[in-house]
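**Q** here is the input, now give the coordinates:
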Amino acid sequence: MTAVPSTSSRSARLGLRATPEQEAVLRRAADVARKSLTDFILDSACQAAEETLLDQRLFMASGSQYQALLDMLERPEQANERLRDLFARKAPWET
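**A** Predicted structure coming up:
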C-alpha cells in the first residue's frame with residue numbers, strides 16, 4: 001500500500017461531505033487505528049483505490065507494446081528449474 005506522505009508534503013486539497021453517522025464511524029475507526037481522521041481517510045481511500053486499479057481486467061497498450069507482448073508470448077519456453085521444483089511441491093493445504 002502507498003504510504004500517506006507527511007503533512008508537510010501534502011499540497012492537494014480534497015473535500016467531501018458525510019452524514020453525521022458516517023463521520024462518527026470514521027472517527028471511531030481512526031481512534032481505534034490511532035490515526036488522525038485525515039490519515040485514516042487517506043490511507044483507507046488509497047488502499048481502496050489501489051485494489052480497484054489492481055483488479056482491472058482491461059489493459060490498455062500502444063500498438064508497439066501489444067506487438068512486444070505478442071512476440072514474447074510466441075517465444076519458445078525456456079527451462080526454469082526453480083519453477084519446475086515449485087510446481088512439483090505439494091501445496092501447504094494438501095499436507
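
**Q** listing request: residues of the protein with sub-threshold pLDDT.
**A** Applying pLDDT under 70 to the chain flags the ranges 1-8.

**Q** quick one: furthest residue from the center of it?
**A** residue 76 (31.9 Å; CA atoms, centre = their mean).

**Q** do you know how far the most centrally placed residue in the chain is from residue 79?
**A** In the chain, the residue lying closest to the centroid (CA atoms, centre = their mean) is residue 50, at 3.4 Å. Distance, residue 50 to residue 79, using CB to CB, to the nearest Å: 35 Å. Where you see a C-beta, it was placed from the backbone N, CA and C, and this is true even at glycine.

**Q** check residue 92 too.
**A** 26 Å.

**Q** what residues sit buried inside the lengthiest helix in the chain?
**A** Scanning the chain for the helix with the most residues, using DSSP state H, yields helix 37-54. By 16 or more other CB atoms under 10 Å, the buried positions in helix 37-54 come out as 40-43.

**Q** for it, name the packing helices and strands.
**A** Applying 3 or more CB pairs under 8 Å, 6 or more residues apart in numbering; DSSP states H and E, one finds that helix 37-54 contacts helix 20-32.

**Q** next, the angle helix 37-54 makes with the helix it packs on.
**A** Put simply, helix 20-32 runs at 100 degrees to helix 37-54, going by axes from the mean of the first three to the mean of the last three CA atoms, to 10 degrees.
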